[in-house]
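> Mind folding the following:
(one chain, ligands or ions: 1)
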Amino acid sequence: INIEVLDEQARLEAAQRIKIGIYFATWWALNVVFNIYNKKVLNAFPYPWLTSTLSLACGSLMMLVSWATRIADAPKTDLDFWKTLFPVAVAHTIGHVAATVSMSKVAVSFTHIIKSGEPAFSVLVSSFLLGETFPVPVYLSLLPIIGGCALAAVTELNFNMIGFMGAMISNLAFVFRNIFSKKAMKGKSVSGMNYYACLSMMSLLILTPFAFAVEGPQMWAAGWKTALAQIGPNFVWWVAAQSIFYHLYNQVSYMSLDQISPLTFSVGNTMKRISVIVSSIIIFHTPVQPVNALGAAIAILGTFLYSQLLWLLMGWKIYRAMGMAEAS
Ligand code: 3PG
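Reported below is the predicted structural model:
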């Protein structure tokens, strides 16, 4: 009987692994498509505050329609849920608009190279603001991440300060988003898909007045006319594609967050950036100097090293806790 139980367990584990693999592959593919259409739109229509708003609006509409038509079950939420969602939504809004502003100013690949430094921000925020401490090797693993990003930044041929700062602000905001959402999702019965839907809706409400204040209808109307004249009716499809794919990739990423630990999630996110960096360099013919590519490679390798160390650390903590439980 034991062998049968073990067999069943192995089969369940294999099925789970396949499921997560499918989530990851879908997430990365959707993200690559989003990044390409987003940049195509921004090249012709440099209004990142509006494109960010449209992405959130499109996702919110898709989910409201899915709930109304019962394609998806609407979540049962209370005031408490929306209250704990608020800080997550503020951080999500800032991180999203900052990344889009960055991509409107620099190459997609550059934004994502800087964004691969997110784990370094996570450790720094946890240490300085939350008072957490990590073993020395974890801090040391930040050196290649920071050094690699810095090397990529100083050797970037089309460097732009707003583009660089946008990606840095996005990193910081997303670290807070992850910290807040871990707290908010704990013990809640809302699924990853619906959690992200509610997050989009709240972010949309937060972002809309700022988009009007920073850019506004006059700029949008003039820019839209120019883009349509330049690109033709296809431009409308590009805007639709960037908005739909933005929602889909985030939805799938939140669905996979339901199944895996935040640590596995962040490794998946870094691997996602490799596919975005490589595909956008090919599609947009982005000029890359060898030393620039070296910086990106060091930063990404540093992220892997960092995640491996955190895994070891987690394993060690569990091992020690088990030892202590046995001793008592
Ligand atoms: C955005 O627009 O929100 C960014 O492209 C997000 O980047 P990320 O989901 O790859 O961190």
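
> and stretch 194-208, which residues are buried?
By neighbour count on 16 or more other C-beta atoms under 10 Å, the buried set for stretch 194-208 is 194-204, 206-207. Every residue, glycine included, has its C-beta placed from N, CA and C.

> now, among these, which is nearest to the ligand?
residue 203 (9.8 Å; C-beta to the nearest ligand atom).

> can you tell me the helix or strand for that closest one?
helix 192-214 (DSSP states H and E).

> Show me what whichever helix or strand comes after that helix is packed against.
Scanning forward in sequence from helix 192-214 by DSSP H and E, the next helix or strand is helix 217-231. Here helix 217-231 touches helix 2-44, helix 234-257, going by 3 or more C-beta pairs under 8 Å, 6 or more residues apart in numbering; DSSP states H and E.

> Residue numbers of the protein in contact with the ligand?
For the chain, the residues in contact with the ligand (C-beta under 6 Å from any ligand atom) are 96, 99-100, 115, 174.

> between those, which is nearest residue 186?
The shortest approach to residue 186 among these belongs to residue 174, at 18.6 Å (C-beta to C-beta).

> residue contacts, that closest one?
By C-beta atoms under 8 Å, 6 or more residues apart in numbering, the contact set of residue 174 is 91-92, 95, 118.

> To which secondary structure element is it assigned?
Using DSSP H and E, residue 174 falls in helix 161-185.

> Could I get the average pLDDT for that helix?
Mean per-residue pLDDT for helix 161-185: 90.

> So which residues of the stretch 51-200 of the chain form helices?
Taking DSSP state H, counting those that start in this stretch, the helices of the stretch 51-200 of the chain run over residues 79-105, 108-115, 118-128, 136-154, 161-185, 192-214.

> Pick the most deeply packed of these.
Sort those by mean neighbour count, taking mean count of other C-beta atoms under 10 Å, and helix 108-115 sits at the top with a mean of 27.

> what does the average pLDDT come to for that helix?
95.

> Show me how far it is from its chain's centre.
12 Å (C-alpha atoms, centre = their mean, to the nearest Å).

> Quickly name whichever of the contacts of residue 174 is closest to the ligand.
Once C-beta to the nearest ligand atom is applied, the member of the contacts of residue 174 that ends up nearest the ligand is residue 95, at 6.0 Å.

> check contacts around the closest one.
Per C-beta under 8 Å, 6+ apart, neighbours of residue 95: 169-171, 173-174, 177.

> Out of those residues, give me the two with the largest separation.
In terms of C-beta to C-beta, the contacts of residue 95 reach their longest pairwise distance at 169 and 177, which sit 12.2 Å apart.

> Count the neighbours of residue 273 for me.
A count of nearby residues for residue 273, using other C-beta atoms under 10 Å, gives 24.

> hang on, the earlier thing: want to throw the helices and strands packed on helix 217-231 into a markdown table with mean pLDDT, mean neighbour count and distance to residue 50?
Compiled in a markdown table, the helices and strands packed on helix 217-231 are given as follows (pLDDT from 0 to 100; neighbours: other C-beta atoms under 10 Å; distance: least, C-beta to C-beta, whole Å):
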| stretch | mean pLDDT | mean neighbour count | distance to residue 50 |
| --- | --- | --- | --- |
| helix 2-44 | 91 | 15 | 10 |
| helix 234-257 | 94 | 20 | 9 |
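
> Now render those as TSV, adding distance to residue 322.
As requested, the helices and strands packed on helix 217-231 are arranged in TSV below (distance: least, C-beta to C-beta, whole Å):
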stretch	distance to residue 322
helix 2-44	20
helix 234-257	26
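
> For residue 219, find the nearest of these.
Comparing the helices and strands packed on helix 217-231 against residue 219 with C-beta to C-beta, the closest turns out to be helix 2-44 (13.9 Å).
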